[in-house]
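Undergrad: Give me coordinates for this.
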Amino acid sequence: MKAVEEILGLPDTVRAFAIFPYGYPAEERKQQDRFDPARIHYVK
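TA: Reported below is the predicted structural model:
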């Protein structure tokens, strides 16, 4: 976060905590289906 503080020019009394991207996509894309049942594990 130090690099973010330097890029934004924040004073020493202010600390960056998180970065949130805002905006709209440049193009519409179909939603990807990333669900993979093989990655689900459970213990009885």
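Undergrad: going forward, measure contacts and count neighbours with C-alpha atoms only.
TA: Fine.
Undergrad: can you map out the helices along this protein?
TA: Using DSSP state H, the helices of the chain run over 2-8.
Undergrad: pLDDT weak spots in it?
TA: Residues of the chain meeting the criterion pLDDT under 70: none.
Undergrad: measure the most centrally placed residue in it to residue 12 for me?
TA: Centroid-nearest residue in the chain: residue 20, 6.6 Å away (criterion: Cα atoms, centre = their mean). According to Cα to Cα, to the nearest Å, residue 20 and residue 12 sit 21 Å apart.
Undergrad: before we move on, what about residue 4?
TA: Distance from residue 4 to residue 12, by Cα to Cα: 13 Å.
Undergrad: the more surrounded of the two?
TA: The neighbour comparison of residue 4 against residue 12 (other Cα atoms under 10 Å) goes to residue 4, with 14 against 8.
Undergrad: and the more buried one, what is it in contact with?
TA: Counting by Cα atoms under 8 Å, 6 or more residues apart in numbering, residue 4 touches residue 16.
Undergrad: Ok, residue 17 next?
TA: Contacts of residue 17 (Cα under 8 Å, 6+ apart): residue 1.
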